[in-house]
Structures are given as C-alpha cells and as structure tokens.
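Undergrad: This is the structure alone, sequence omitted:
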Ligand code: PXG
C-alpha cells in the first residue's frame, strides 16, 4: 500500500496528498511545524513535540482547530498506518487557504498535515569522523523579529546560512546572533565541552528550545557531567575541548573543526561519545509504544 498521509482529517495516498496553491503556508510561509521520531516502535518525546507545535501555533496566533489529544492520536495512527518502526513524522499546520494578501483573517481554516516516513539519519561514519563546520556570516533572526522558539515554516534564515557551508564544501553552518553570540546550527542546537561541563546558549538569544537539547541537559548528571546555559562567543568555540550538535534526527553529532581550526585534537572527544551513548541508551528505554 502506498504511503498514507493525513490531511485535514482524511488519510490519503502520497499521490493525492495535495494542498491548495492559495494556502498561506505556501504563499507566505505562514504556519508552524515539528518533527517527532520513533525508535523501534516507540514515539520518543511525543508530548513534548506536540506541545511545542501548539506553542509555536499560539506564538503566531494560529488556531490549529483540533485538540492536542486528537492531534497526538493521529500522529500515532500515522505510524501504524504506514507500518513503520523507526519513523520520522513531520507535523505541519498552516494558516490554510486565503486570498492573495497576507491578512490571516481571510484564512478561515488551518491546514493540518501529518507525514510519517522512514527516517534518514547520518551514517555511523559521521559520528566517528565528526563534522567540519563554518561560522556563517548570516546572523540568526533576532528574537524580537521572529522568536526562535517558534518553529515556523520560515526557514530562509537557516537555509541562507546553509548555502554558505555548501559553498565552502563544509558539513554545517553555525549561526551567531546580532550581538555576536553563538546561537545554534541550521537545524540543531549546540553544546561546547569544557572539562566536565557542558555549555549551551540560552534560548532567549534566538535558539529553538530543542527537545534533544533539553534531554541532553537532563541526562548530563547521570554520566558525571554538569550542564549549564552560557553566552558563548566564536572564541569559546575555537578553544573548547569538544563541541557537538543536537537534534531529533542527528541525536548528538560531534563537531571536530570550525573555520579550519581543530576543536580539541580534531577528533570526536570522550565526553561527546559518552553523552551520545547515554542518549542512545535513553531512547531505547522511554517512549510511547505505538
Ligand atoms: N534548532 C533548530 C533551528 C531546529 O530547526 C533544532 C534546533 C533541534 O531541535 P530538536 O527538538 O529536534 O532537538 C531544530 C530541529 C530535520 C529538520 O530535517 C529538523 C529541524 C528543522 C528542519 C529540519 O531534521 N528542527
């Protein structure tokens, strides 16, 4: 059977999964999204992802139109219908169809899409080798323009930063905010390691409140590490013992080089490896069975 996708209350096949060209998600990027992952038939941090989606929607004054519990049920259903065990589920809510003006009042009904697919992850080789990154010249959107906590359908800021690392042949771009503080990668949060301490930028400077980020902070003490938020500069990164990025798809991925400088000894470090192992162990233990 072909892939089954939820659109506005109906399950349709991939070929029939279409939205209106008048949808403001397409015309203006007016909408929000989230991505949740399942590990061997268990949805990891499902409530956290659905909660974040609803908070993102609230942040842009968008009424999703169905209760959270109903949405959550449909996410679980998306994995069942597609017979997936290790899945990546994209949750999208747009302002819905309107007319050719930005006025959201013209959009009377949101569009809801739930798309479950197989997960594509970095090859294990990437975790052994680590990423080579640049600090992009494109700055992260200031939170007083578009708050980084809102996971909106506007990813152009991140995409423009991504073009920079693609152009230079590197693996990823890190972004600074307007004051020059390190914020995050294009689709991941960032951690620096100094001794037995994990340091990560506070979200109020422009970063997404990443669920993998929070899980990392929560798990750190169990492996003898402390984790705290700190304002970090490019120089803190250059002189860190280790660095890693966190995200639902990436989990914890080591960064070994930035702007041509080796971080630590230029190899994935022991703290990152210990933290990644703890994270992977944790993903096996928790989660809502499908
Ligand atoms: N920062 C940003 C800007 C993100 O978009 C994260 C951090 C990590 O958050 P989580 O909750 O996943 O730990 C994200 C993650 C993808 C993809 O294909 C992921 C994201 C956005 C777009 C694509 O994996 N968000």
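TA: Thanks, I have the structure now. Computed from a predicted model, the values in this text were never measured in an experiment. Numbers count the residues shown, from 1 in each chain.
Undergrad: Quick one: name the residues of this protein near the ligand.
TA: By CB under 6 Å from any ligand atom, the residues of the chain that approach the ligand are 35, 158, 184, 187-189, 208, 210-213, 246-249. All C-beta spots, glycine's among them, are computed from the backbone N, C-alpha and C.
Undergrad: Could you rerun that using 8 Å?
TA: By CB under 8 Å from any ligand atom, the residues of the chain that approach the ligand are 33-35, 48-49, 52, 88, 148, 151, 155, 158, 184-189, 207-215, 246-250.
Undergrad: State whether residue 272 and residue 242 are indeed in contact, as I suppose.
TA: Yes: contact criterion CB atoms under 8 Å: residue 272 and residue 242 qualify, at 5.0 Å.
Undergrad: what residues are shared contacts of those two?
TA: 193, 254 (CB atoms under 8 Å, 6 or more residues apart in numbering).
Undergrad: What are the neighbouring residues in contact with the closest residue to residue 266 other than its chain neighbours?
TA: Distances taken as CB to CB, 6 or more residues apart in numbering place residue 256 nearest to residue 266, at 5.2 Å, with adjacent residues excluded. Residues in contact with residue 256 (CB under 8 Å, 6+ apart) are 129, 130, 131, 132, 262, 263, 264, 266, 267, 268.
Undergrad: List the residues that contact the second one.
TA: Taking CB under 8 Å, 6+ apart, we find residue 130 in contact with 253, 254, 255, 256, 257, 267, 268.
Undergrad: do the last one as well
TA: With contact taken as CB under 8 Å, 6+ apart, residue 268 is in contact with 127, 128, 129, 130, 242, 254, 256.
Undergrad: what about 10 Å?
TA: 126-131, 242-244, 252-256, 276 (CB atoms under 10 Å, 6 or more residues apart in numbering).
Undergrad: Do a quick rundown of the helices in the stretch 1-150 of the chain.
TA: Ranges of helices in the stretch 1-150 of the chain, per DSSP state H, counting those that start in this stretch, are 24-28, 46-59, 68-81, 124-129.
Undergrad: For the ones you listed, give me JSON lines that also has mean neighbour count and mean pLDDT.
TA: Output for the helices of the stretch 1-150 of the chain, formatted as JSON lines (neighbours: other CB atoms under 10 Å; pLDDT from 0 to 100):
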{"stretch": "helix 24-28", "mean neighbour count": "20", "mean pLDDT": "98"}
{"stretch": "helix 46-59", "mean neighbour count": "18", "mean pLDDT": "98"}
{"stretch": "helix 68-81", "mean neighbour count": "17", "mean pLDDT": "97"}
{"stretch": "helix 124-129", "mean neighbour count": "13", "mean pLDDT": "96"}
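Undergrad: Which of those helices sits closest to residue 109?
TA: Among those, the nearest to residue 109 by CB to CB is helix 24-28 (11.3 Å).
Undergrad: how far does the closest one sit from the chain's center?
TA: Between the centre of helix 24-28 and the centre of its chain there are 21 Å (CA atoms, centre = their mean, to the nearest Å).
Undergrad: what does that helix rub up against?
TA: 19-21, 30-33, 62, 92-104, 106-107, 110-111, 113, 153-154.
Undergrad: Quick one, which of those residues are buried?
TA: Buried residues within these, defined by neighbour count using 16 or more other CB atoms under 10 Å: 19, 30-33, 62, 92-98, 104, 107, 110-111, 113, 153-154.
Undergrad: What residue spans form the domains of this protein?
TA: Following automatic domain parsing, one gets these domains for the chain: 4-117, 124-285.
Undergrad: Please name the nearest non-neighbouring residue to residue 208.
TA: Residue 208 sits nearest to residue 148 (CB to CB, 6+ apart), 5.4 Å away.
Undergrad: From the residues of the chain next to the ligand, which land in strands?
TA: 33, 34, 35, 88, 184, 185, 189, 246, 247 (DSSP state E).
Undergrad: Spatially, which two of these are the most separated?
TA: Top of the distance list for those (CB to CB): 88 and 184, 19.9 Å.
Undergrad: Which one's more surrounded, the two?
TA: residue 184 (27 against 19; other CB atoms under 10 Å).
Undergrad: May I ask you to confirm that that one is in contact with residue 205?
TA: Yes: Residue 184 lies in contact with residue 205 (CB atoms under 10 Å); the separation is 9.5 Å.
Undergrad: where do the contact lists of the two overlap?
TA: Applying CB under 10 Å, 6+ apart, one finds that residue 184 and residue 205 are jointly contacted by 140, 148, 176, 177.
Undergrad: just those residues now: which is nearest residue 69?
TA: Here the nearest of the shared contacts of residue 184 and residue 205 to residue 69, counting by CB to CB, is residue 148; it sits at 27.5 Å.
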